[in-house]
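Engineer: structure here, sequence nowhere to be found:
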């Protein structure tokens, strides 16, 4: 069964360092997302991406964050200068959109746990 | 924006039934989803409702009332492996079909 894959599964970094989290969405999906989940809290929307550009971003997604689809398969989230409060699980998700007769559910990767020291 | 409320925790006995309620307020509505999330893992899709009524899928059923902004997820014949967090999520009017999630309900199944 197709799945969303994410690397790394866990990254530990020092405050102020740059981090890149990588995702390979499901191949025929058109919409890509990054969500984050701080330990014990809810899954929060960060950004959506469609047709090689950002569709929507939340208040969390400030100038320190950027996303890119550098080739036909990868989708990356970059945090330029990490802060302690960026420590969280980051989930990549992809979707077909809302196809006729379908649900348009989001498929999530296993997540990348980021720990900022 | 979206405001999604669900209880924080519920406990039930193996073999029993549990109903998890979700109420939402949204500026637009294009579907309600339930996801299951085991600790430290990714959310996985359980069910989808866009029209009023009950959708049944094996041991899991989900109900929607759009006029009341209300949904529930019913878990029947509970098993130990059903111990997880259950996330209610709403798709609003947007071009990107993103979901907004509630805080989740942690269900603990006891023997």
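Structural biologist: Thanks, I have it. Not measured: the values here are computed from a predicted model.

Engineer: and chain A, which residues reach chain B?
Structural biologist: Neighbours of chain B within chain A, by C-beta under 8 Å from any C-beta of the partner chain: A:31, A:33, A:35, A:41-45, A:48, A:50, A:55-56, A:91, A:95, A:97-98, A:103-111. Quick note: C-beta positions are derived from backbone N, CA and C, even for glycine.

Engineer: of those, buried ones?
Structural biologist: Taking 16 or more other C-beta atoms under 10 Å in any protein chain shown as the criterion, what is buried in those is A:31, A:33, A:35, A:42-45, A:48, A:50, A:55-56, A:91, A:95, A:103-111.

Engineer: restricted to strands, list the residues you listed.
Structural biologist: A:31, A:33, A:35, A:44-45, A:48, A:50, A:55-56, A:91, A:95, A:107-108 (DSSP state E).

Engineer: which phi and psi does residue 52 have?
Structural biologist: Unless you meant another one, I'm taking chain A. phi 70, psi 20 (degrees, to the nearest 10).

Engineer: that one: how many residues sit nearby?
Structural biologist: 7 (other C-beta atoms under 10 Å in any protein chain shown).

Engineer: again, but for residue B:110
Structural biologist: Residues near residue B:110, counting by other C-beta under 10 Å: 11.

Engineer: dump the residue contacts of the nearest residue to it once chain neighbours are set aside.
Structural biologist: Using C-beta to C-beta, 6 or more residues apart in numbering or on different chains and skipping residues adjacent in sequence, the residue nearest residue B:110 is residue B:13, 5.5 Å away. Applying C-beta atoms under 8 Å, 6 or more residues apart in numbering or on different chains to residue B:13 gives the contacts B:78, B:109, B:110, B:111.

Engineer: OK, contacts around the residue positioned nearest the centre of chain A?
Structural biologist: Taking C-alpha atoms, centre = their mean as the criterion, residue A:34 is the residue nearest the geometric centre of chain A, at 2.7 Å. If a contact means C-beta under 8 Å, 6+ apart, then residue A:34 has A:21, A:23, A:46, A:47, A:67, A:77, A:90, A:91, A:92, A:93 as its contacts.

Engineer: can you put the ones in strands among the buried ones among the residues of chain A next to chain B in TSV and add pLDDT?
Structural biologist: Compiled in TSV, these are given as follows (pLDDT from 0 to 100):
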residue	pLDDT
A:31	94
A:33	97
A:35	98
A:44	97
A:45	97
A:48	96
A:50	93
A:55	95
A:56	95
A:91	98
A:95	94
A:107	96
A:108	98
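
Engineer: from the residues you listed, which is closest to residue B:31?
Structural biologist: residue A:95 (11.8 Å; C-beta to C-beta).

Engineer: for the residue nearest to that closest one when sequence neighbours are not counted, give its distance to residue A:24.
Structural biologist: Leaving aside its chain neighbours, residue A:95 sits nearest to residue A:31 (4.4 Å; criterion: C-beta to C-beta, 6+ apart). Distance, residue A:31 to residue A:24, by C-beta to C-beta, to the nearest Å: 15 Å.

Engineer: again, but for residue B:14
Structural biologist: 38 Å.

Engineer: neighbour count winner among these two?
Structural biologist: Neighbours per residue, other C-beta under 10 Å: of residue B:14 and residue A:24, the larger number sits with residue A:24, 16 against 13.

Engineer: many thanks, I have nothing further to ask.
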